[in-house]
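Colleague: Need a 3D model of the following:
(chains A, B, C and D)
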4 protein chains.
Amino acid sequence: MRDHASAADVQHVVDLLTEAGAEAHLSRGEVKTIIGVIGDREVIYSLEFEGLPGVEQVVRVLKPFKLVSRDFQPEDTVVRARGTAIGGGAFAVVAGPCSIESEEQMFSTARAAADAGANMLRGGAFKPRSSPYAFQGMGVEGLKLLRAAGDEVGLPVVTEVLDVRDAEVVAEYADVMQVGARNMQNFMMLDELGTMAKPVLLKRGLSATIEELLSAAEYILKGGNRDVILCERGIRTFETYTRNTLDLSAVAALKSLTHLPVMVDPSHATGRRDLIGPMCKAGIAAGADGLMIEVHPDPEHARCDGPQSLTPADFAALMSDLGPRIALEEKTMGAAS
Amino acid sequence: MRDHASAADVQHVVDLLTEAGAEAHLSRGEVKTIIGVIGDREVIYSLEFEGLPGVEQVVRVLKPFKLVSRDFQPEDTVVRARGTAIGGGAFAVVAGPCSIESEEQMFSTARAAADAGANMLRGGAFKPRSSPYAFQGMGVEGLKLLRAAGDEVGLPVVTEVLDVRDAEVVAEYADVMQVGARNMQNFMMLDELGTMAKPVLLKRGLSATIEELLSAAEYILKGGNRDVILCERGIRTFETYTRNTLDLSAVAALKSLTHLPVMVDPSHATGRRDLIGPMCKAGIAAGADGLMIEVHPDPEHARCDGPQSLTPADFAALMSDLGPRIALEEKTMGAAS
Amino acid sequence: MRDHASAADVQHVVDLLTEAGAEAHLSRGEVKTIIGVIGDREVIYSLEFEGLPGVEQVVRVLKPFKLVSRDFQPEDTVVRARGTAIGGGAFAVVAGPCSIESEEQMFSTARAAADAGANMLRGGAFKPRSSPYAFQGMGVEGLKLLRAAGDEVGLPVVTEVLDVRDAEVVAEYADVMQVGARNMQNFMMLDELGTMAKPVLLKRGLSATIEELLSAAEYILKGGNRDVILCERGIRTFETYTRNTLDLSAVAALKSLTHLPVMVDPSHATGRRDLIGPMCKAGIAAGADGLMIEVHPDPEHARCDGPQSLTPADFAALMSDLGPRIALEEKTMGAAS
Amino acid sequence: MRDHASAADVQHVVDLLTEAGAEAHLSRGEVKTIIGVIGDREVIYSLEFEGLPGVEQVVRVLKPFKLVSRDFQPEDTVVRARGTAIGGGAFAVVAGPCSIESEEQMFSTARAAADAGANMLRGGAFKPRSSPYAFQGMGVEGLKLLRAAGDEVGLPVVTEVLDVRDAEVVAEYADVMQVGARNMQNFMMLDELGTMAKPVLLKRGLSATIEELLSAAEYILKGGNRDVILCERGIRTFETYTRNTLDLSAVAALKSLTHLPVMVDPSHATGRRDLIGPMCKAGIAAGADGLMIEVHPDPEHARCDGPQSLTPADFAALMSDLGPRIALEEKTMGAAS
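Modeller: Just a heads-up that it's a prediction; the model follows:
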């Protein structure tokens, strides 16, 4: 309550709490009165007391999520997609182009990714682009190429669902359904994916808090789908040297708050090829369970995100560099058992 | 280019530009070489030269939008919804509850809004909520109540499309389709709304730049729908006293960059009842064409956003206060001619 | 406390609180335990319980400031500098160049400012510049020119103290001592100014919260100097179209939290000449007690901040435009009574 | 220039450029004209063309710094303080309490730090505190304790200069002078330290860009002092779970932009004891040359930053964990040669 809030204002809040079925405990000081509230999650989140007479600040100490928390499930969730596992000590590297552009590009990237040791393949068929004048992706044709390329090299494939109406068709071809940063709070899509039997890779929104990311995951788990991988991909700050600011403390924080596996995408976070290597290493050291790296056979002619794509040769060199670091964290490239 | 970039690196960039059909102009200094590039918007936005050898920085001077810009259309767009106009000197006040909760709540709010002089009615039927444990809205039942209430008091109604699959049904009941902040970059929804013959109220994303907001509007105009209203509703910053930071310089900037009408939503931006009045006044003074204000007959028992809702009496008082300020900006509450 | 925190962890916190002289009140739920704490401000701010076993979150409800708050002093503080007052209904417009460059520039600006109705004169003698290669100001020579120009036109003068070692010499020439955004948390300087008998104009830091600004002001008041003017000058966000983001909701919030007068500086906030007019109007409407506007006789040749400086003609036009708006807020250009 | 800028506007800019001694190169397209500018750093940074008629955007491609850049000096700078080196493969760990509180506390921490393998000792004698009601440090008495403790365990000591007037006395006792985040743009202090013969540890401001940090360092080098260590300590973002957001991509970026050694301070960045270990590891992997870690013999009773301080036992365990990681980056704990 505000300093010197009146007894009537305090009583009014207590009455509203009681009416809603919650329990109120008062701490009265000379200047301040604090009201501690105990009640069900649903009740607590239906109460909005900011702005009531005499109320200064409302702090919700009960988290808006439950199923995703480590308090609820202490042991790590392991997500499996065909032959690959992630979480609980299993480490995954997802590699591939930002957007699928042609059969040759997709297959050559797939071979390069597999040869270098990646255990998951990515490629965008539907591309979210800020400008309507930029390339928007190949659509279903792209999905087919991705599937075929994954099958040839024996890797599970992950691709983004951009439109909830495409969820069915994407599920037909993909092993992991990606929710992009711009859709992290597309709650209808989260609800839809919660009812499907496919793992979901959920990217953090550009200005989403850790708590909002976990609440978004909670939507999916609440629907029954427990196979969710979280992905830190940079947040929006005032810094302009990097495209976004990769928040690696969020990775460490998530590992302690939730049992879900956590990935890092340094390609989108930095937007700069020369920073990807250091950020992969730092992500592993911060406790990540996986990495997502853009690889393109000819970055200079890529139709999307060329500046942050590695060549197959660069990717192979990076992978050998990462091996000992993954081992140092007592994780292993994850073949699903 | 980087300091002392080699002649070969410079030539390589020039070659790639020429190959893509753009024109390159060199400015060479002792330390720096700058390459000016001229070409079509589509070409410019397909080029991604960040990360090439010797390249230090890429600055796009051609904007990623065209149809929305004042350079393209100097005169103000006037958007009309039933009896109400906004833009080109016509001012609109949209009032109503955050979420539609019951027939009584919706009708009493509608009457209060109309009596106080609002010329548009709002109400949420589908609610985007960070937590799956919060109230999610009444759905189609809510749409019907909103329509009926609007009809009774003779005001056009605006409501949010949360899911692209609901666009049809929302269009059946609403006069203006709102795209919420979390969907500002839901490009599939923007595409869909671009083909419809209903005005769109497009809210700025929580961390969207002015340029991204205009690019999102460009999606809709590119589809053929020219009736777009932009809405500033606060951006996410480090400040925690207010829920978001209302960016009124964006309003003034938008008025100079685009011909589309611009609204301000101080309720969501501040999240605090006591700041709504001052921010309404400041928004008008900054050049806004309209305001969006949450009104609820009983804010203390509202199921959503109670702390930032005005009572009917507060709203009526505020409206009388705003009258002379709207007049001072040479705008009039907008009856469509 | 964390979910299901042990009785021992709770007791440990209670013991530490008691030991420190504070009072603890428990609210126990099935999942959560909340500990309400009551005690002296000094005690509360010496306790740091984040990170103790079982502790999830620490929320300080007692503010870190007291003398500046409206709870402590409900009536407005009026700050007086020679003939000019600000606060309590008195409105001040401070005009002048970013940096003092020459006698002619300073005197012609002073005359233009006074003629147009400004009631305070500004000019920078010591300039904080991000790059050591930019112009750093004329120093004491500049102070003398500012004083002489102010005397000629009969206006009090305000100028920045960049270095605490210059406080004495600046006080010799200035009527109001400005603390720049970069020095808002230069606590040694705040302490020094707290012991002087000169009004202080304290600018908000680029990433300072409202609470931090008030705490910085508290340093000055605690030293005995009660004449502090706060100034909102834009905060740093991800938006790059404007130099900073002018936070006008902070102005309204400050007016309710503190009795000190609040100014707005749209020149530094936006960095764009065309946005200054709208932001002056919006600042007045948001409740500001004054404005700070950069005026230069020849902005194209200004040695600092030319792009955001108004010409004398533009400034005069703006001032006539602002008159009715100041009156509408029931404020008057402040001659000190 | 703006779309379709007039020939006169273009010519006006070219004239101003020529008059200032710079060279202008035009690239003209159907819609856009771009003016490339070549000239001296001092000239370029004295030009401010934003806001001129027809000017849309001004991009400075010549950096505001020179001496700190790798283009200027490709080989790593190695900073030496008594027996310890940092940079060029030498790794440093600075440990100690946030604030010096007593002889016993300082000496026991010093012994614990040295025993665990730290090669530099820290301790705050002058504390910058947001609230005037918080503990402000022991002052010169603290400096003496720090010096004595460092001498006993044979480690160089680093401490913050909070006030430029204290630079002399701090230099008397300290081996490395720390500039805190709030003083990063206290240019008078940077100038002062530039003339002294003591290494400087320069912390990044809470909302300072990478470029601003480098420009601040340039002030010191320009004065003649080449021994500067940069320190990333978290930036201010919307995320509230951690105190600040540790920006490790800035570390990798700085290593490529400058020859100066770069440190990471995870204690201040995260404000949470449990995140310090992961962020130390991630910092090393990102390319840092050193770490700064808060250690306190009794964190629960620390007068400052207890929640983020490690106990001596935790610190010793962490140090053994970090050893192999430092080795993996081909760095060695830096004894000065």
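Colleague: C-alpha from now on. contacts and neighbour counts both.
Modeller: OK.
Colleague: and residue A:187, how many residues sit next to it?
Modeller: By other C-alpha atoms under 10 Å in any protein chain shown, the residues close to residue A:187 number 22.
Colleague: so who does it touch?
Modeller: Residues in contact with residue A:187, defined by C-alpha atoms under 8 Å, 6 or more residues apart in numbering or on different chains, are A:216, A:219, B:128-129.
Colleague: Between the residues you listed, which sits nearest residue D:323?
Modeller: residue A:216 (38.2 Å; C-alpha to C-alpha).
Colleague: pretty sure residue A:192 contacts residue A:164?
Modeller: Yes. Residue A:192 is within contact range of residue A:164, at 7.5 Å (criterion: C-alpha atoms under 8 Å).
Colleague: Which one of these two is surrounded by more residues?
Modeller: Between residue A:192 and residue A:164, counted using other C-alpha under 10 Å, the more crowded position is residue A:164 (20 against 16).
Colleague: I'd say the more buried one and residue A:186 touch.
Modeller: No. In this structure residue A:164 lies outside contact range of residue A:186 using C-alpha under 8 Å: 9.0 Å.
Colleague: what pLDDT does residue A:7 get?
Modeller: Residue A:7 is assigned 85 on the pLDDT scale.
Colleague: One more: the one 10 residues further on?
Modeller: With respect to pLDDT, residue A:17 has a value of 85.
Colleague: Okay, residue A:279 and residue C:307: tell me how far apart.
Modeller: 38 Å (C-alpha to C-alpha, to the nearest Å).
Colleague: Who is residue A:38 paired with across the strands?
Modeller: residue A:23 (DSSP bridges).
Colleague: what's the worst-scoring helix or strand of chain A on mean pLDDT in contact with?
Modeller: Ranked by mean pLDDT, DSSP states H and E, the weakest helix or strand in chain A is helix A:41-44, scoring a mean of 72. The contact list for helix A:41-44, computed with C-alpha under 8 Å, 6+ apart, reads A:20-22, A:38, A:60, A:62, A:64, B:133-134.
Colleague: Columns secondary structure, neighbour count and pLDDT on top of those residues, output as JSON lines?
Modeller: Below are the contacts of helix A:41-44 laid out as JSON lines (DSSP: H, G, I helix; E, B strand; the rest coil; neighbours: other C-alpha atoms under 10 Å in any protein chain shown; pLDDT from 0 to 100):
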{"residue": "A:20", "secondary structure": "helix", "neighbour count": "15", "pLDDT": "81"}
{"residue": "A:21", "secondary structure": "coil", "neighbour count": "14", "pLDDT": "82"}
{"residue": "A:22", "secondary structure": "coil", "neighbour count": "17", "pLDDT": "82"}
{"residue": "A:38", "secondary structure": "strand", "neighbour count": "24", "pLDDT": "77"}
{"residue": "A:60", "secondary structure": "coil", "neighbour count": "10", "pLDDT": "72"}
{"residue": "A:62", "secondary structure": "coil", "neighbour count": "20", "pLDDT": "71"}
{"residue": "A:64", "secondary structure": "coil", "neighbour count": "20", "pLDDT": "79"}
{"residue": "B:133", "secondary structure": "coil", "neighbour count": "20", "pLDDT": "78"}
{"residue": "B:134", "secondary structure": "coil", "neighbour count": "20", "pLDDT": "77"}
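Colleague: Contacts only, for the residue in the stretch 201-337 of chain A that chain B sits nearest to.
Modeller: Evaluated by C-alpha to the nearest C-alpha, the stretch 201-337 of chain A has residue A:307 as its residue closest to chain B, separated by 4.7 Å. Going by C-alpha under 8 Å, 6+ apart, residue A:307 touches A:271-273, A:299-300, B:48-52.
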